[in-house]
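Asks: build me a structure from this.
(one chain, ligands or ions: 2)
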Amino acid sequence: MVVLSVPAEVSVILLDIEVPQPPIAFVKDILFPYIKENVKEYLQIHWEEEECQQDVSLLRKQAEEDSHLIGAVPIPAASENGADDPQQTIQAVVDNVCWQMSLDRKTTALKQLQGHMWRAAFTAGRVKAEFFEDVVPAVRKWREAGMKVYVYSSGSVEAQKLLFGYSTEGDILELIDGHFDTKIGHKVESESYRKIADSIGCSTSNILFLTDITPEASAAEKADVHVAVVVRPGNAGLTDDEKTYYSLITSFSELHLPSSC
Ligand SMILES: CSCCC(=O)C(=O)COP(=O)(O)O
Ligand SMILES: [Mg+2]
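Replies: Numbers count the residues shown, from 1 in each chain. Ligands and ions are numbered 1, 2, ... in the order given. This next block holds a predicted model:
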């Protein structure tokens, strides 16, 4: 078995949300299609609710910022007297969401609506998150060794908590010390990792970031964060240069903590 020694200065393990997911690529193959298939019905049911209207306002603001992009889908402004046809606006929101998702955009507006839709699905028992079998034992072991474990995902903090709260292993939210999403910054920007370290109260060099995406690994490394690239079935392939450059693991059990024998 490959063993990757965790540097002695590391006291925090930061996980990308997709890294602990199972081979069926839960986020891409289950959660994302769920949004596309159900967004229209969700909007129709929740349209009058304040939370839904806040989600739509944020999407509308994002659509205005995106108006210069090729293929961008506008969302008409709400009229002051509320005289607009909700079905037309709903269709525009659906089209905008599908357009953003076709580009795998990581906008806070999209992630917020997705998070609210997933909350409805998880709490109704329509979806349960699965983890690779090495994940939960490894996270428990790291915590027993005194490590803090955080999650950093483009998915909203609320959505991340759903995954750990409604998993096939039960509610395992207590295994995670904290969550970060795009509100702290994008995962391909080095500054985000400095802000995360500040927020945790440690130095960036105290963090080991596990991700499957090399531009994220590169941004973290530029901020002096330790990185390892996690290679799981279903992940995008790596180039030969990336395979040589980065420390690679295929299971969390391959991480060897300084104190473990
Ligand atoms: C329930 S979390 C959904 C994850 C998500 O929306 C996403 O875009 C995945 O992004 P990540 O940065 O975690 O790879
Ligand atoms: Mg990812």
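Asks: quick one: the strands in the stretch 51-200 of the chain?
Replies: In the stretch 51-200 of the chain, the strands defined using DSSP state E, counting those that start in this stretch lie at 148-152, 178-180.
Asks: which helices and strands does the first one pack with?
Replies: When you say that, I think you mean strand 148-152. For strand 148-152, the packing partners by 3 or more CB pairs under 8 Å, 6 or more residues apart in numbering; DSSP states H and E come out as strand 12-15, helix 135-144, strand 178-180, helix 190-200. Where C-beta positions appear, they are placed from N, C-alpha and C, glycine not excepted.
Asks: avg pLDDT for it?
Replies: Mean pLDDT, computed over strand 148-152, is 98.
Asks: listing partners with orientation, what would you give for it?
Replies: Next to strand 148-152 in the sheet, as set by DSSP bridges, lie strand 12-15 (parallel), strand 178-180 (parallel).
Asks: mean neighbour count, distance to ligand 1 and mean pLDDT for those strands - can I get that in JSON lines?
Replies: Shown next, in JSON lines, are those (neighbours: other CB atoms under 10 Å; distance: least, CB to the nearest ligand atom, whole Å; pLDDT from 0 to 100):
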{"stretch": "strand 12-15", "mean neighbour count": "24", "distance to ligand 1": "9", "mean pLDDT": "98"}
{"stretch": "strand 178-180", "mean neighbour count": "19", "distance to ligand 1": "10", "mean pLDDT": "98"}
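Asks: could you export stretch 191-210 as PDB, CA atoms only?
Replies: What follows is stretch 191-210, C-alpha atoms only, in PDB (Å, rounded to 0.1, in the frame of the first residue of the first chain):
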ATOM      1  CA  GLU A 191      -6.400  34.000  -1.200                       C
ATOM      2  CA  SER A 192      -9.300  31.700  -0.200                       C
ATOM      3  CA  TYR A 193      -6.800  29.300   1.600                       C
ATOM      4  CA  ARG A 194      -5.200  32.200   3.500                       C
ATOM      5  CA  LYS A 195      -8.700  33.300   4.600                       C
ATOM      6  CA  ILE A 196      -9.500  29.800   5.700                       C
ATOM      7  CA  ALA A 197      -6.400  29.600   7.800                       C
ATOM      8  CA  ASP A 198      -7.200  32.900   9.400                       C
ATOM      9  CA  SER A 199     -10.700  31.800  10.100                       C
ATOM     10  CA  ILE A 200      -9.500  28.500  11.700                       C
ATOM     11  CA  GLY A 201      -6.800  30.400  13.600                       C
ATOM     12  CA  CYS A 202      -3.800  28.500  12.200                       C
ATOM     13  CA  SER A 203      -1.100  29.100   9.600                       C
ATOM     14  CA  THR A 204      -1.600  27.900   6.000                       C
ATOM     15  CA  SER A 205       1.300  25.500   6.500                       C
ATOM     16  CA  ASN A 206      -0.600  23.800   9.300                       C
ATOM     17  CA  ILE A 207      -3.200  22.600   6.700                       C
ATOM     18  CA  LEU A 208      -3.200  19.600   4.400                       C
ATOM     19  CA  PHE A 209      -5.800  20.000   1.600                       C
ATOM     20  CA  LEU A 210      -7.100  16.900  -0.100                       C
END
